[in-house]
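J.: quick one, fold the following:
(chains A, B, C and D)
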There are 2 protein chains.
Amino acid sequence: MRTKVKLAFMVNDSARKITYNKRKKSLKKMVDELITLCGIDVCAILYSGYHSEPEVWPSPLEVQRIITKFKSYSEVGQGRKKLNQESYLMERIVKSKEKLVKVEKTNWEMEKSLILFECLRQENFINTLNTNVLNDLACEINEKLKEITLKMNQLDTNEST
Amino acid sequence: MRTKVKLAFMVNDSARKITYNKRKKSLKKMVDELITLCGIDVCAILYSGYHSEPEVWPSPLEVQRIITKFKSYSEVGQGRKKLNQESYLMERIVKSKEKLVKVEKTNWEMEKSLILFECLRQENFINTLNTNVLNDLACEINEKLKEITLKMNQLDTNEST
DNA sequence: ACTGCTATGTATAACCA
DNA sequence: TTGGTTATACATAGCAG
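T.: Numbers count the residues shown, from 1 in each chain, chains lettered A, B, ... in the order given. Model prediction:
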C-alpha cells in the first residue's frame, strides 16, 4: 500500500491535510518520547494555516519556558559578547544582503540560458518531447531539490554564526 | 534485535546518548518533511545538556522567525507593543531572508527548465543554431539585463529604508 | 566514544467504508 | 470528509568491530 513518497509539496489539498494530521501526531509523539527517554527539554511549534493559532508541543507553558531559555541564550550574542546587539544584527543584515546579491547573479546566468532556450523553442528547433526524457527529468529534479534544500540549510547556518 | 522500548528515562548514560542522537536525527528529518510536504512553518528546540547551546531546527534564523510569530500571537491579547530597536532590526533580517528564499525559489524554477534544456540537447532535439536566433537573443539579453539591474536597485532601496 | 548492521517495531500512503 | 485497515517503507535497539 505505502509507496515511497516524493519529497515535495503535496498539491492535493485533502491528501496534504491528511498527511499533515498524521505526521503532526507522530511529531508530537516523538517529542514526548525524547523528553521522557532522555530527560531533556524539547518543544515544537507549528504554523499550519489550518488553525489561526500556532500549534505548540508539549504545552504552551512549556514552550514559553523553553523560548525564554532560547532567547536568553541568543541575547548573549551566541558567543559574540563583545559586539553589542545592534551591530551584531547589522552584521547579519549585511551578510544576508551579500548572499542575496550572489544568488541574484546566479539567477541571471540561468536566465540567459533560459532566454536561449525560449528562442530555440520559438524557432521550432525544439518541437517534440518523449517520455524517457521527462522521466529522466523527474529524477534529476529530485536530486536538485535535495541539493538546494541542503544549500539553503547551510545559508541559514552561516547566517546565524 | 529491537525490543519494545519501555517509555521511561533511560538510566544508562551511553545508551541514552546514543538514543538521543538517533532520535534527534529522526526529529529533524520529520520537521524537514513536514515543512516540505505541507508547506508550513515548523520548528523545534532541544536543550539536551550534551551541548552548551540549544539545538534548533530547521535553522536558528527560522526558529527566531517562528518564535517572533508565536510571541506576536500571544501578545495579541495585551495589544501589540511598539517595536523596539532590536525587533525592528530583527524584522529587517527576516525580510532579507524572505527575499533570499524567494530568489532561491525562482532559481529553482529556472534550474528545472535548464535541466530540461540539457536533456533535450543530449537527446539531440537541439543540434543547430542560426545567426538570426543569436541576434535576437542578444537584444533580449540586453533588455533583461536592464530589468535585473533595476530590480536589484529596488532591493537596495527597500533594505536601507 | 562512533560507525555500521540487522531484526524488529512503528509510521504512514493508499485504500475502503 | 472522517475513521479504520493494511501493506510497505522507515526508524531504531541491540550488538559487533
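J.: how about residues contacting stretch A:44-64?
T.: Residues outside stretch A:44-64 that contact it (CB atoms under 8 Å, 6 or more residues apart in numbering or on different chains): A:17, A:20, A:24, A:27-28, A:31-32, A:35, A:41-43, B:31, B:34, B:38, B:40-45, B:66-67, B:69-70, B:73-74. Any C-beta I mention is one placed from the backbone N, CA and C, and that applies to glycine too.
J.: just the ones of those residues in helices?
T.: A:17, A:20, A:24, A:27-28, A:31-32, A:35, B:31, B:34, B:38, B:66-67, B:69-70, B:73-74 (DSSP state H).
J.: what about DNA strand D: which of those residues touch it?
T.: Residues of the ones in helices among the contacts of stretch A:44-64 in contact with DNA strand D (CB under 7 Å from any atom of the strand): A:Lys17.
J.: show me which of the ones in helices among the contacts of stretch A:44-64 are buried.
T.: A:20, A:24, A:27-28, A:31, A:35, B:31, B:34, B:38, B:66-67, B:69-70, B:74 (16 or more other CB atoms under 10 Å in any protein chain shown).
J.: Throw these into a markdown table and include pLDDT, thanks.
T.: Formatted as a markdown table, those follow (pLDDT from 0 to 100):
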| residue | pLDDT |
| --- | --- |
| A:Tyr20 | 93 |
| A:Lys24 | 93 |
| A:Leu27 | 94 |
| A:Lys28 | 92 |
| A:Val31 | 93 |
| A:Ile35 | 90 |
| B:Val31 | 92 |
| B:Leu34 | 91 |
| B:Cys38 | 88 |
| B:Ile66 | 88 |
| B:Ile67 | 88 |
| B:Lys69 | 84 |
| B:Phe70 | 83 |
| B:Ser74 | 67 |
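J.: how about JSON lines for those, with distance to DNA strand C added?
T.: Listed next are those as JSON lines, based on distance: CB to the nearest atom of the strand, whole Å:
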{"residue": "A:Tyr20", "distance to DNA strand C": "9"}
{"residue": "A:Lys24", "distance to DNA strand C": "8"}
{"residue": "A:Leu27", "distance to DNA strand C": "8"}
{"residue": "A:Lys28", "distance to DNA strand C": "10"}
{"residue": "A:Val31", "distance to DNA strand C": "11"}
{"residue": "A:Ile35", "distance to DNA strand C": "14"}
{"residue": "B:Val31", "distance to DNA strand C": "11"}
{"residue": "B:Leu34", "distance to DNA strand C": "9"}
{"residue": "B:Cys38", "distance to DNA strand C": "10"}
{"residue": "B:Ile66", "distance to DNA strand C": "20"}
{"residue": "B:Ile67", "distance to DNA strand C": "24"}
{"residue": "B:Lys69", "distance to DNA strand C": "24"}
{"residue": "B:Phe70", "distance to DNA strand C": "23"}
{"residue": "B:Ser74", "distance to DNA strand C": "28"}
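J.: for these, which one is nearest DNA strand D?
T.: A:Tyr20 (10.0 Å; CB to the nearest atom of the strand).
J.: what's that closest one in contact with, if anything?
T.: A:Tyr20 makes contact with A:Ser48, A:Tyr50, B:Leu34, B:Leu37, B:Cys38, B:Ile40 under the criterion CB under 8 Å, 6+ apart.
J.: just the pLDDT at A:Glu86, thanks.
T.: At A:Glu86, the model reports a pLDDT of 54.
J.: quick one: low-confidence ranges for chain A?
T.: Under the criterion pLDDT under 70, the flagged ranges of chain A are A:74-161.
J.: which residue does it bring closest to DNA strand C?
T.: Closest approach between chain A and DNA strand C, counting by CB to the nearest atom of the strand: A:Ser26, at 2.8 Å.
J.: which ones are touching that residue?
T.: Each residue near A:Ser26 by CB under 8 Å, 6+ apart is listed here: B:Met30.
J.: now do the one 4 residues further on
T.: Contacts of A:Met30 were listed using CB under 8 Å, 6+ apart, and they are B:Arg23, B:Ser26, B:Leu27, B:Met30.
J.: immediately after the longest strand along chain A, which helix or strand?
T.: Longest strand in chain A, counting residues (DSSP state E): strand A:41-47. With elements assigned by DSSP states H and E, the helix or strand that comes after strand A:41-47 is strand A:55-57.
J.: what strands line up against that following strand, and which way round?
T.: Note on strand A:55-57: by DSSP bridges, its sheet partners are strand A:41-47 (antiparallel).
J.: near DNA strand D, which residues of chain A?
T.: A:Met1, A:Arg2, A:Thr3, A:Lys4, A:Val5, A:Asp13, A:Ser14, A:Lys17, A:Ile18, A:Met30.
J.: and chain A, what are its domain boundaries?
T.: Using automatic domain parsing, the domain ranges for chain A come out as A:13-76, A:86-160.
J.: the residue nearest to A:Lys28 when sequence neighbours are not counted and DNA strand D: what is the separation?
T.: Spatial nearest neighbour of A:Lys28, chain neighbours left out: A:Trp57 (4.9 Å); criterion: CB to CB, 6 or more residues apart in numbering or on different chains. According to CB to the nearest atom of the strand, to the nearest Å, A:Trp57 and DNA strand D sit 16 Å apart.
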